[in-house]
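Peer 1: Any chance you could fold what I've pasted below:
(chains A and B)
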Amino acid sequence: MTTEKQTPLLVDLHVKYIQSLDTKKDDLEYWLTEHLRLSGVYWGLTALDLLNNVDALKKEDVVKYVISCQHDNGSLSGFGGHVGHDPHLLYTLYSVQILVIEDSLDAVNVDKIVEYVASLQDHATGAFRGDEWGEIDTRFSYGALSCLSLLKRLDAVNVSKAVEFIMLCKNFDGGFGSSPGAESHAGQIFCCVGALAIVNSLHLVDADLLGWWLCERQLKNGGLNGRPEKLEDVCYSWWVLSALSILGRLHWINKEKLIEFVLAAQDPEGGGIADRPGDMVDVFHTLFGIAGLSLLGYPGLKLVDPVYCLPKHVVQRIGLAERYHV
Amino acid sequence: HGRRRVKPSAEVEKLRKEKEATKIKEYNDLVASCFEKRDKNEFDNDAFTITTKILSQNPDFYTIWNFRRSILLYGILKECSEKDKQQTLSTELGFLQELFQLNPKSYWIFNHRRWCLEEIPNPDWNMELKLIGKFLEMDARNFHAWDYRRYVTFQLSSTTKTSLTQTEFDFTTTKINQNFSNYSAWHQRSKLMPRLIKEQNLDEQEKKTLVNKEFELVKAAFYTDPDDQSAWLYHWWLVGREIQHISLLGAYYNPKMRQVVLAFDDEIGMVIPFQVTKKIDDNSPSSYIEGMWRPAGGELKHDQLNIDRSYGFVWIFTFFDSVKDDFTELIVTVKPEFIVPSHSEVKLTRTMQRHCIINDNYNLENESSSSLSQSQDTLPIDTSERIKLLQREISMVRELLELEPDTNLLRELKYISGTNMEENSKIDDEVVTICDHLIKIDKLRTKRFEDLRSKAIFESATKSLVKLVSKELAYNDDTLQYQDSTFSLESKNLTIIPTPSILLYITKLNLSNNKLTSIQFLANLINLKEIDVSNNCITSISGVNRLRNLRYLKIQNNYIKNWEEVKNGFIGWQGVECNIYISENPLIENTNEIESLKIGWENEIKECSDQLKIIWK
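Peer 2: The predicted structure is shown next:
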């Protein structure tokens, strides 16, 4: 074992990295990922708040941009991934998350957003579609319940049916998949466990079995994978960790080794965090690496809420109770 | 994902940017013209061609897929003959196949393919099955492909009105034989097995044969790679897990406090408040008692949507002032629909309905036993079969362990099998040995094994307590004091106390010299007079502020770092005189200011309550 000094979290570099994201207009990649622009704002802004630098992105600009992604379809109003892009449940969730961080929900018509989200529930199964084209996935169950919970409007959908659908996606290993019959995957598990936490139905989860499956995601290099026999990835430091945290079993993984892994995935020159050490960084992994570190108690970071993937103080400010571990 | 970080020279960067500049302009022009046509509702061939160009370069651009579908629906396929529709959509499927080459895991491409197959007059599901078979050959773990395969087989079996369960089951056998570590195939198998049993209406003998074959396959996987998780998790599912049933450990009435206390062996949530009724004499009917329930150490949470809920092991019902205590009998009714368990491995039997009759001695009567029922997630094997299976599997695991003594998964399996047997206390000792070994060989999951170990030790140490529970309690009418009872579990490396409610009747508790990090569980133990949790890893005093009978708390030599963690633990103290022993904690480091700090702290605790006293030694 070498005893080289471990790189600390390069806060200032990450802040600068996030601020620079919108300046890469001479990269083809920038234009090919326009549909992720709104997601990028959520990932970047949340990371900045956790890094105690939420003002590094100007609030008025952020809110203005979010509003520009809004669709008005009569009584329904969803948000798209970028200006002019079609509305989708996921981007609607990101928008609400961003506006909640910026404390600017009054800039939009909340009722119309609620109508949009409610319109996406399939009444027969309780599942949620991603958009009018009908894709069904438990990611969207989480998206809908999280969004409505932040808006205090869970009354707008059939919660017990939504739970029924999620439970159809439970597997032999205690985990959850994207749809009934689908294999357990850490991302889907976060969505399902998070959704069940929001509606106080964690008693339906095999906490010990799933906790065990989740802690077995940790590999010898300290990183976490998303399912058996797969490669470690920083984003799983969030999906796996938050699920474990909600189930009260965060201590079942080795914290020190995971912190080491995440810190090693930073870009020490340009800032940002990658999926694993030595790879190219992106804002998605930057957020999930920082959020993971926050859950692990890394000093100097704001606490993150494992259910909403928002800074805890934001969730507390809007009056939502802690919805994890009994 | 997965791209190496390189730092190219400034020159290389400059060249790249020049090359990309034209590409960027071309791409943006395409997108602009596409949006223009869309906003004008121009669902024509030109628009279609533009979307083809964009999507070939960028298949994640979901809005363009939406527009493409609109063009097909409202333009190209509108007023189109069935033949032409078939042709156009076949070509579309071909286009998607090309895109799949570089993007075998794109949600959007799979979505569009499904849409095409739903629109096309004659979908060729067999061809789809062949196509997805190829996908799984290239990458047997591609979950998009497995999901798509389930969709295709469902459609195929619907249209041909035949079941494909057996062929799909055989497909997973092929995949597993190609690679035992194919978790996706084992997972698929776990869905198909129960369906197979049901569809083929297997009798007991046939079921046994099938299940035995499964165990043979799993065994082969173990011998090939004892460290692989798939076979081993599948094995556990095959064997089935024992369901823990919630029991009421005890119930009593405290006439001084006018409180009914209930203790469960699980941290249950209250959905509907339990009914408390009284009987004044044998002739009159029972009447409801008005009061408030709360979990010991908490408040009852409630909101308009009834979504927030409190959880607790021990529940306290306090009579309202208006209630007269003129009864001969107190009855508390707990029905399964009133509560939710802490997690789904703990279940309520359908027939459970506890009527706790609290008699003259203020003790619990009517303990009824609950019947064993199986989880719906497991295979339909009856209990006696299961026990035989377990015994056989345990000997197989023991055999394997002799060959591979350092496999953590095998030891885990032994642990699971052991706890499932519910034999005698010999098992508990073996479990502790297994956990000790696991702690040594798996450094990543040490804390989980420490918890498992603590659980085994605690359960074994408290077995006798559970039986004596109703007999231990006795009131001395004059002073309404409990008979003292002591419980000690020191120096056992305990990290958690899994079921604190078992200790409800204990008055003197010694858990010193362990590895506890929190004492929140003490909130349940409302009868405690003396607590020793010295020499642990506790960081904060939390959970004792409502323990009215507490005379001392020994919490020396722990990890308490600052004064808030002490002070906040006693907010709202309404109990008797209590001494708090906190020497040898980090907050009492020998600094120059420490003596004046101590004086300040003593004053603060006196402000909290003059019944509290800090002992520095």
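Peer 1: What does A:D27 show for phi and psi?
Peer 2: Note on A:D27: backbone dihedrals following degrees, to the nearest 10 are phi -100, psi 130.
Peer 1: Could you pull up the contacting residues of it?
Peer 2: B:K17, B:E20 (C-beta atoms under 8 Å, 6 or more residues apart in numbering or on different chains). C-beta: built from backbone N, CA, C; applies to glycine.
Peer 1: Distance of it relative to B:K17?
Peer 2: 8 Å (C-beta to C-beta, to the nearest Å).
Peer 1: What of B:R445?
Peer 2: For B:R445 relative to B:K17 (C-beta to C-beta), the value is 48 Å.
Peer 1: These two: which is more packed in?
Peer 2: Using other C-beta atoms under 10 Å in any protein chain shown as the criterion, B:R445 and B:K17 rank with B:R445 on top: 20 against 13.
Peer 1: That one touches A:K220, doesn't it?
Peer 2: No: taking contacts as C-beta atoms under 8 Å, B:R445 lies outside contact range of A:K220: 11.9 Å.
Peer 1: give me the number of residues near residue 225?
Peer 2: Assuming you mean chain A. 17.
Peer 1: that's the wrong chain, I meant chain B
Peer 2: Neighbours around B:D225, by other C-beta under 10 Å: 16.
Peer 1: what's the longest helix in chain B?
Peer 2: Ranked by residue count and defined by DSSP state H, the top helix of chain B is helix B:10-39.
Peer 1: That one: which residues count as buried?
Peer 2: Buried residues in helix B:10-39, counting neighbours by 16 or more other C-beta atoms under 10 Å in any protein chain shown, are found at B:E20, B:I24, B:Y27, B:L30, B:V31, B:C34, B:F35, B:K37, B:R38.
Peer 1: how about the residues you listed in CSV, adding pLDDT?
Peer 2: Converted to CSV, these look like this (pLDDT from 0 to 100):
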residue, pLDDT
B:E20, 89
B:I24, 94
B:Y27, 95
B:L30, 95
B:V31, 96
B:C34, 96
B:F35, 96
B:K37, 95
B:R38, 95
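Peer 1: who does the strand ranked longest in chain B pair up with?
Peer 2: The single longest strand within chain B, with elements called by DSSP state E, is strand B:259-270. Applying DSSP bridges, strand B:259-270 is found paired with strand B:248-254 (antiparallel), strand B:311-319 (antiparallel), strand B:339-340 (antiparallel).
Peer 1: From chain A, how far off is B:E565?
Peer 2: 16 Å (C-beta to the nearest C-beta, to the nearest Å).
Peer 1: measure that residue to B:D124 for me?
Peer 2: Taken as C-beta to C-beta, the span from B:E565 to B:D124 is 68 Å.
Peer 1: In terms of neighbours, single out the busier of those two.
Peer 2: Higher neighbour count among B:E565 and B:D124: B:E565, with 19 against 14, using other C-beta under 10 Å.
Peer 1: quick one: what helix or strand has the more buried one in it?
Peer 2: helix B:564-567 (DSSP states H and E).
Peer 1: I'd like the average pLDDT over that helix.
Peer 2: Averaging pLDDT along helix B:564-567 gives 92.
Peer 1: cool, stretch A:224-238 as well?
Peer 2: On average, the pLDDT along stretch A:224-238 is 93.
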